[in-house]
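*Asks:* Sequence and computational prediction follow.
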Amino acid sequence: MTAALEINDLQASVEGNEILRGVDLAVPAGEIHVIMGPNGSGKSTLSHVLTGHPAYEVSGSARLNGTEILTLDIDERSRLGLLQAFQYPTEVPGIRLGDFVREAAEERGLPAEEVETRLAEAADRFGMEPFLDRSLNDDLSGGEKKRSEIFQLSVLDPRLVVLDEIDSGLDIDAVRQVAEAVEAMRGPDVGVLMITHYARILRYLSPDRIHVMLDGRIVESGGPELADELEAGGYEAVRARLGIEAPKKPEPAIPAASEFFTDTPFER
Ligand code: ADP
Ligand code: MG
């Protein structure tokens, strides 16, 4: 069976700086996979490269249900069902959530009747009915925004969902609710790739596999025991156990450029 996502020897650089240095990863449909890694290890770069951010020089392969996506435009990737939730969802006063998600579903090519069924079902599952006629993300709490993102993705019938630090900036109750929403996204046709820095969301989630990213590579994959090790000893414990030396590059004095792209990944 083809995996929802299959990445082989994926490399990405910006202005000659190698960021992803040969990533291999497969996420089968029906599974939730987590990528964990310290700041600057390349996690967001991986999500940007998958969705088609133009800033990166890319080589290798990434296939969505067997189709090579690295050569496709951003909109073509999303029509194939590659969807990403934003870390900081934008507030759009005047655009109702229900209208917004219907428009997006039409672009995705879903029949109108099916959209209504999916919308009603997902609104019920994620408790979003009260928000459908309200402006997109307007006056929502951090946790509600993340839940709204997951609701929207679910209506759009995704094949692969990329969640980059969906847990950041949330209090612990919101983290639990978001984890439950991610778990509720599970379905036979969708693979979920969740990127996170902190192990705490994994207390409320049962991922099928956890991958550790260090210095632009997946250095280890395993089960929940990996999250336990990381929570106890941090990334340095994994580094020490695997005998991987920290790279000898100085810390950048300014924040990573990618930090600014999180919500506007497609501006040049
Ligand atoms: P993570 O999400 O794991 O914290 P990132 O993927 O954001 O890591 O960044 C990995 C490294 O790549 C960092 O050193 C960052 O400075 C660099 N980087 C990422 N994107 C860009 C970019 N667009 N321009 C310059 N450097 C970048
Ligand atoms: Mg990041």
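*Replies:* Perfect, I can see it now. Since this is a predicted model, take the numbers as computed values, not measurements. Ligands and ions are numbered 1, 2, ... in the order given.
*Asks:* quick one, phi/psi of whichever residue of the stretch 51-200 of the chain sits closest to ligand 1?
*Replies:* Taking CB to the nearest ligand atom, ligand 1 has its nearest neighbour within the stretch 51-200 of the chain at Ala55, 4.3 Å off. In this view, the C-beta of every residue, glycine as well, is placed from N, C-alpha and C. Ala55 adopts backbone torsions of phi -80, psi -10, taken as degrees, to the nearest 10.
*Asks:* who's the residue lying closest to it once chain neighbours are set aside bridged to?
*Replies:* Residue nearest to Ala55 in three dimensions, not counting chain neighbours: Val14, with 5.9 Å by CB to CB, 6 or more residues apart in numbering. Counting by DSSP bridges, Val14 is bridged to Asn17.
*Asks:* ok, residues contacting stretch 111-123?
*Replies:* Stretch 111-123 is contacted by residues 98, 101-102, 105-106, 110, 128-129, 132, 151, 154-155, 157 when judged by CB atoms under 8 Å, 6 or more residues apart in numbering.
*Asks:* Turn those into a markdown table, including secondary structure and neighbour count.
*Replies:* Shown next, in a markdown table, are the contacts of stretch 111-123 (DSSP: H, G, I helix; E, B strand; the rest coil; neighbours: other CB atoms under 10 Å):
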| residue | secondary structure | neighbour count |
| --- | --- | --- |
| Gly98 | helix | 18 |
| Val101 | helix | 25 |
| Arg102 | helix | 18 |
| Ala105 | helix | 21 |
| Glu106 | helix | 12 |
| Leu110 | coil | 18 |
| Met128 | coil | 23 |
| Glu129 | helix | 11 |
| Leu132 | coil | 17 |
| Phe151 | helix | 25 |
| Ser154 | helix | 25 |
| Val155 | helix | 26 |
| Asp157 | coil | 19 |
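*Asks:* so where do the strands sit in the chain?
*Replies:* 5-14, 17-27, 32-36, 57-64, 67-68, 82-85, 92-96, 135-136, 160-164, 191-196, 209-214, 217-222 (DSSP state E).
*Asks:* mean confidence for the longest one?
*Replies:* Meaning strand 17-27. What strand 17-27 shows for mean pLDDT is 97.
*Asks:* so where is this structure shaky, pLDDT-wise?
*Replies:* Scanning the chain for pLDDT under 70 picks out 1, 249-268.
*Asks:* if we go to 80?
*Replies:* Within the chain, the ranges that satisfy pLDDT under 80 run 1-2, 248-268.
*Asks:* pretty sure Glu57 contacts Asn17?
*Replies:* No. With contact defined as CB atoms under 8 Å, Glu57 does not count as touching Asn17 (10.0 Å).
*Asks:* The two: who's more crowded?
*Replies:* Counting neighbours by other CB atoms under 10 Å for Glu57 and for Asn17 shows that Glu57 has the greater number, 14 against 9.
*Asks:* so what's that one closest to, chain neighbours aside?
*Replies:* Leaving out its chain neighbours, the residue that sits closest to Glu57 by CB to CB, 6+ apart is Ser13, at 5.1 Å.
*Asks:* List the contacts of the one you found.
*Replies:* Residues near Ser13 by CB under 8 Å, 6+ apart: 19-20, 56-57.
*Asks:* looking at it, Thr48 is touching Tyr56, isn't it?
*Replies:* Actually, residue 48 is His. It isn't Thr. Yes. Between His48 and Tyr56 there is a contact at 6.7 Å, judged by CB under 8 Å.
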